[in-house]
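[1] dropping the sequence and predicted coords here.
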Amino acid sequence: MSYGVKKLLAVVTLVVIAFGWYVTIFGVGSVGPIKDQMKFGLDIKGGVYVVMEAQTNLTGADLKKLMEQTQAVIEARVNQLGLSEPVVTIEGEKRLRVELPGAADSDEAIKTIGQTAMLKFLLADGTFVLDGSMVKNAGVTQDNEHGGYAISLEFTSEGTTAFADATKKAYNGQVKSTTDGVRSDAIMIVLDGNIISAPSVNGPIDNGKALITAGGTGGFKQDEATRLAALIRGGALPVELKEITSSTRTATVGVDALQKSVYAGFIGLILIYVLMFIGYRIMGLAANIALTLYVILIMWIMVLFKGVLTLPGIAGIILSIGMAVDANVIIFSRTREEITNGKTVRAAVDAGFHRAMNTVIDSHLTTIIAALVLYFAGTSSVRGFALTLLIGIVLSLFTAVIVTHLFISLFGESKLLSAKKFFGVRENNESIIRFKREFRFIKPRRIYYTISLVFIVVGLIIGIVRGYNLGIDFTGGTMMQFDMGKSVAAEDIDKVLQKNDVNAEIIFAGANNEQAIIKTMQSLDSDKREAILSDMESEFGISSDSLLAIDNFGPSVSNELRTNAIKAVLIAALGILLYIIVRFEWKFGVSAVLDIAHDVLFVMAFYAIFHITINNPFIAGILTVVGYSINDTIVIFDRIRENLGFMKKNKTEEVIDKSINQTLIRSIMTSVTVVVVMIPMLIMTSTAISEFVLPLMVGVIVGCVSSITVASPLFYEISQLSGGPRYKMKKSKKTARRSRDE
């Protein structure tokens, strides 16, 4: 490609970036700004989600048909609630996930959609009349006689006959009530064993239509009539459903968390810009241009594919910004190395790019493996994190391969900008940023082993003896967060809990500790949660609006999370092992997987020693650690493999030490960029994001160190036991020429 064409493409790219940011912030024409285009999850815009499990032993096609029928009934109910974009999806084999944006009360939502939701019409003596499947329609109409609103009913042909017979018996006094508070001439409408209405019959009804009024009370209120009509219209569910997890978030909490996340992401982005420019000069400028485009692309791709952005998803985007630099750093390190070896800047740019590509692809593909496992094995919130991370990894390859390469090659051919000093190299071909001596890593390997082993063993013993600090999503339990509007004593809240026979941990948060968080290790049903809310309102003078968030996890969910976490790590490790064996050889693969095990155990020990809460985001953290750790390890392994082909007369120990020293700056820089972008997230953002960030931060640091002090020495040990490495490099003419030059 000619220099003129490159200049033109560079100008077009800069114009696209400028226009893209303008549209992102302000919008153009019919295209609104990104904040209006993006679909936000319930944890940001507020709402309720409930996961319910079908109580059935059916399997296979019969179970699938049953769940599809149940899904249809639930969809019919939630669509009557007047909420925007309710979502009902089948999750797994026998679970339904119901998301209700804008809803404020999970308990009310559960009641409305039907926890078990078997609708029946009964006579006052308990005789069955018909079920919800025989109700053709139920609506809300004006009650002209009593004022207010009434519920209109319309039955199917089968329902018409059954209802006519029942109303005739009730009206003619053929029924004697056996239900307290229900008149003998009433028809009871029963949902899940609870009477939701028991209107008296004014006469036989044989036309298939009926009207439920509130009688002398002045008619139903509109919301009462709407809710009752929706419950009746929904019909009977074909199976009993049991709530296993639910969550409520207010929009106030979500918007505040979103704003903090945006600020944290902006600060992290600026820090990376500065770090890259200081570390890589003109190449860092190229990376910053590519990174600016990268941020626009990842946001608009989320919009294009109608992705739902959650708080964990934001964490994934911000983290991917830090990881996007990784491919650039690999290319820059290679380019700078080529310059120090005596090549011209122009030749070094081309050689550095091509020599770095295999490493870039290998390191990113292994991270993609971990992200895919995370997506398919994770829950909804974790999937949001995995999706944005996955998109980010693919985009980082694009921006590094296309955009960064375009600009550094343009700079390399420029008379003004192609001086070595702009690429971080002195005129004597010494790198400006370098270690003055080479370090030895293989000889002191037993010291590294001992330090790691002691830390891991101590941590695991503490975890076994004291127990890990497991969150409610791993143990089962309930979390309720209140805005008290003032500082209150934990003892006073505890009195409310003891009144309801609930033992809980009480944590204060927010400005002046005015928010109270109640965490129980037992899963509280909706009735118990309502009782606590009612007592909190009466005791402290707060309203139902003061309940900012509720999370509820049943024991079956917690057991499943633990099992899935273990499976996910094992599957990711196996996938990575197979990939490395195919791309490298088995010694590298075994060393890498042992290093992964080390990193996972090290993070587990860290959480045990410092008694940090382990919850659902921890799974995402561990799997991302797996992907990132192997990313760093592969960069070193790729250099070891390359040097084994060139340095055949050197001892294996010398080759490995040389390879680590050659990639040391790169390993440190990529880890620093990721940690730098995570620090604002850890300090400034909400708990939902900081819970994702902490294991990632620990894991990135551990992964960087272990790739040098554990993975590489382990490869040495295995090589020695198996008779030494026998790697043969296929040399092209360029490679052979380079080998002779060295």
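    Nice, I can see it. Just so it is clear, the structure is predicted and the values come from calculations on it, not from any experiment.
[2] tell me the contacts of residue 149?
    140-143, 219-222, 224-225 (Cβ atoms under 8 Å, 6 or more residues apart in numbering). Using the backbone N, CA and C atoms, a C-beta is placed for each residue, glycine as well.
[3] identify the bridge partners of it.
    The partner list for residue 149 in beta bridges (DSSP bridges) reads residue 142, residue 220.
[4] and it, how far is that from residue 141?
    7 Å (Cβ to Cβ, to the nearest Å).
[5] quick one: which of the contacts of residue 149 is nearest residue 288?
    Distance to residue 288, by Cβ to Cβ, is smallest for residue 222 among the contacts of residue 149, at 56.7 Å.
[6] measure the closest residue to the closest one other than its chain neighbours to residue 560 for me?
    Closest residue in space to residue 222, ignoring its immediate chain neighbours: residue 149 at 5.3 Å, by Cβ to Cβ, 6 or more residues apart in numbering. Separation of residue 149 from residue 560 (Cβ to Cβ) stands at 43 Å.
[7] report the buried members of the contacts of residue 149.
    140, 143, 219-220, 224-225 (16 or more other Cβ atoms under 10 Å).
[8] okay if I get the residues you listed as JSON lines plus distance to residue 329 and pLDDT?
    Formatted as JSON lines, these follow (distance: Cβ to Cβ, whole Å; pLDDT from 0 to 100):
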{"residue": "140", "distance to residue 329": "63", "pLDDT": "89"}
{"residue": "143", "distance to residue 329": "72", "pLDDT": "85"}
{"residue": "219", "distance to residue 329": "71", "pLDDT": "77"}
{"residue": "220", "distance to residue 329": "66", "pLDDT": "83"}
{"residue": "224", "distance to residue 329": "63", "pLDDT": "79"}
{"residue": "225", "distance to residue 329": "64", "pLDDT": "83"}
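[9] domain-wise, how is the protein divided?
    Residue ranges for the domains of the chain, per automatic domain parsing: 3-24+255-423, 47-109, 119-234, 445-467+557-741, 480-549.
[10] for the third one, the distance to its chain's centre please.
    Here the centre of domain 119-234 is set off from its chain's centre by 45 Å, with Cα atoms, centre = their mean, to the nearest Å.
[11] and the strands in the stretch 151-300 of the chain?
    Shown for the stretch 151-300 of the chain, the strands assigned by DSSP state E, counting those that start in this stretch span residues 187-191, 194-197, 209-212, 241-249.
[12] if we can go back for a sec, closest one to residue 39 among the domains of the chain?
    Short answer: domain 3-24+255-423, nearest of the domains of the chain by Cβ to Cβ, at 4.9 Å.
[13] pLDDT averaged over the closest one - what is it?
    Averaging pLDDT along domain 3-24+255-423 gives 85.
[14] and what of stretch 164-171?
    Rounded mean pLDDT across stretch 164-171 is 94.
[15] again, but for stretch 484-498
    91.
[16] buried residues in it?
    By neighbour count on 16+ other Cβ under 10 Å, the buried set for stretch 484-498 is 484, 488, 493, 496-497.
[17] list the contacts of it.
    With contacts defined as Cβ under 8 Å, 6+ apart, stretch 484-498 is touched by 503-504, 506, 508, 512-516, 518, 532, 535-536, 539-540, 542, 546.
[18] now, of these, which are buried?
    504, 506, 515-516, 518, 532, 536, 540, 542, 546.
[19] related to what we said a few turns ago, for residue 403, find the nearest of the strands of the stretch 151-300 of the chain.
    Comparison of these against residue 403 by Cβ to Cβ identifies strand 241-249 as nearest, at 37.4 Å.
[20] closest to residue 155 out of the buried ones among the contacts of stretch 484-498?
    Nearest member of these to residue 155, counting by Cβ to Cβ, is residue 532, at 40.3 Å.
[21] excluding chain neighbours, what is closest to the closest one?
    Per Cβ to Cβ, 6+ apart, closest to residue 532 is residue 500, 5.4 Å.
[22] where does the stretch 101-250 of the chain dip in pLDDT?
    Residues of the stretch 101-250 of the chain meeting the criterion pLDDT under 70: 102-118, 191-193, 215-218, 231, 233-237.
[23] great, nothing more from me.
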